[in-house]
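> sequence isn't available, so here's the structure alone:
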């Protein structure tokens, strides 16, 4: 008999969320992580409406707001000087996004998993997977006291990020991949009055600013990956010089000051991995990672955690074979691919004529602007909005409206005798 139904490697967003759902379903769950909580990790941590809706479903959104993470009710994009502002359609349990820093977010999730009945061991390093034939049946690790520990489980879940020990140990194959497009650096500023998320973009440069806990704002900058070595050599100088290319962002930050170091990376792969095998499964960045440009990672992790927990519950509970349930979980990950492809396309940071035409059409219609923002927030299907026929219809309607306005303006400008 196994020690646990499920052992989860990694206790941050995907791992604690999976543990929370499984424990609430009555399963014996162990979560291990080499980190201690609350603690930080490299992340720009904006959570779209669909992800905030999962937090509300778990009863954690109000807890995060009470701890100082403000709701973010809308978005403002300024692309090559064209402004598109609006409010995405609401998700099931909230109309707002949220952006708590990772010590608050991860600490809240770990606490919630424990409250649900999951066991969480911090300072635990996994050193090997235990196997019976070709099936994973547990793991071996070193606990916080330096003692070697063997753990048996019916299923081992890798929620341990893009460097996943579990994924590497089982040699999980990559099934979809895109090139690395950007490098990202960010910092926190105090004294900035901001209620919505702002994204400003020109060719080869994108900057996102949003409010977070502690009365701060996160300022994240995306640049082409080929500039990574140059930027890393002078992060502060490059960051400030690039902000100067966007006067609207400079104006936004003018009353505040930077209160943190700069953090960043150029290690931003885009992939979807094989999601399960005999005795193992992957969730979160361990299975699917993408460029942070459109801030989809945490929301993806939450949705995957729910889907994986439901599959495990069905399999271990005898409702259906575990292998069939995990296969369906893996097939469901394909729904992330439209956003995966869109995110990779936009992460090339090209602001060309087609981009300006599209944003001109969005700026001319609040309904289209809201629906565009909904594709990013996860409340409007990507494939539906970004369908070529829909985009063509928006642009043509805008051009027709502009022509009509010019004609009516000319008519009104005629003299009575003409």
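On my side now, so go ahead. Not measured: the values here are computed from a predicted model.
> quickly list what the closest residue to residue 3 other than its chain neighbours is bridged to.
In space, residue 3 comes closest to residue 152 once its chain neighbours are excluded; the distance is 4.7 Å by C-beta to C-beta, 6 or more residues apart in numbering. For the C-beta atoms, the positions are set from N, CA and C on the backbone; glycine is no exception. Assessed by DSSP bridges, residue 152 has beta-bridge partners residue 138.
> which residues touch residue 231?
Residue 231 makes contacts with 183, 185, 223, 238, 264, as judged by C-beta atoms under 8 Å, 6 or more residues apart in numbering.
> correction: residue 194
Neighbouring residues of residue 194 by C-beta under 8 Å, 6+ apart: 209-211, 217, 252.
> same check on residue 292?
Taking C-beta under 8 Å, 6+ apart, we find residue 292 in contact with 44, 184, 220, 222, 268.
> give me the subset of those lying in strands.
In strands, judged by DSSP state E, the following of the contacts of residue 292 are found: 184, 220, 222.
> out of the residues you listed, who's nearest residue 193?
Residue 193 lies nearest to residue 220 out of the ones in strands among the contacts of residue 292, by C-beta to C-beta, at 18.5 Å.
> ok, back up a step: same list, the contacts of residue 292, but as a markdown table with distance to residue 231 please.
Compiled in a markdown table, the contacts of residue 292 are given as follows (distance: C-beta to C-beta, whole Å):
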| residue | distance to residue 231 |
| --- | --- |
| 44 | 16 |
| 184 | 10 |
| 220 | 13 |
| 222 | 11 |
| 268 | 13 |
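> check these and tell me the two furthest apart.
Using C-beta to C-beta, these span at most 12.1 Å, a distance reached by 220 and 268.
> which residues are common contacts for those two?
Common contact partners of residue 220 and residue 268 (C-beta under 8 Å, 6+ apart): 184, 292.
> thinking again about what came up before, distance to residue 384, neighbour count and pLDDT for the contacts of residue 231 - can I get that in CSV?
As requested, the contacts of residue 231 are exported to CSV (distance: C-beta to C-beta, whole Å; neighbours: other C-beta atoms under 10 Å; pLDDT from 0 to 100):
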residue, distance to residue 384, neighbour count, pLDDT
183, 32, 23, 98
185, 34, 23, 98
223, 31, 23, 98
238, 38, 18, 95
264, 34, 22, 97
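> turn those residues into JSON lines, columns for distance to residue 281.
Output for the contacts of residue 231, formatted as JSON lines (distance: C-beta to C-beta, whole Å):
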{"residue": "183", "distance to residue 281": "31"}
{"residue": "185", "distance to residue 281": "33"}
{"residue": "223", "distance to residue 281": "35"}
{"residue": "238", "distance to residue 281": "40"}
{"residue": "264", "distance to residue 281": "31"}
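> show me the helices in the stretch 151-300 of the chain, by range?
Counting by DSSP state H, counting those that start in this stretch, the stretch 151-300 of the chain has helices at residues 165-169, 228-233, 235-244, 247-253, 297-316.
> quick one: distance of the third one to the chain centre.
Spelled out, it's helix 235-244. Averaged C-alpha coordinates place helix 235-244 at 25 Å from its chain's average position (C-alpha atoms, centre = their mean, to the nearest Å).
> which elements pack onto it?
Using 3 or more C-beta pairs under 8 Å, 6 or more residues apart in numbering; DSSP states H and E as the contact test, the elements touching helix 235-244 are strand 182-190, strand 205-211, strand 216-224, helix 247-253.
> the second one pairs with which strands, parallel or anti?
So that's strand 205-211. strand 197-202 (antiparallel), strand 216-224 (antiparallel).
> was I right to think residue 362 contacts residue 372?
Yes: the criterion here is C-beta atoms under 8 Å, and residue 362 meets it with residue 372 at 5.3 Å.
> hang on, isn't the residue nearest to residue 3 packed against residue 135?
No: counting by C-beta under 8 Å, residue 152 stays clear of residue 135, with 11.8 Å between them.
> ok, the two, which is more surrounded?
Ranked by neighbour count (other C-beta atoms under 10 Å), residue 152 and residue 135 place residue 152 first, with 15 against 11.
> OK, contacts around the more buried one?
By C-beta under 8 Å, 6+ apart, residue 152 lies in contact with 2-4, 130, 137-138.
> lowest-confidence helix or strand of this structure?
Across the helices and strands of the chain, mean confidence by mean pLDDT, DSSP states H and E is lowest for helix 388-412: a mean of 67.
> in stretch 345-357, what's buried?
346-347, 349, 351, 355, 357 (16 or more other C-beta atoms under 10 Å).
> ok, so of the residues you listed, who is nearest residue 166?
Of all the buried residues of stretch 345-357, residue 166 sits closest to residue 347, with 26.9 Å by C-beta to C-beta.
> report the contact partners of the closest one.
Residue 347 sits next to 181-182, 222, 270, 291, 293 when contact means C-beta under 8 Å, 6+ apart.
> that's all I had, so thanks and see you.
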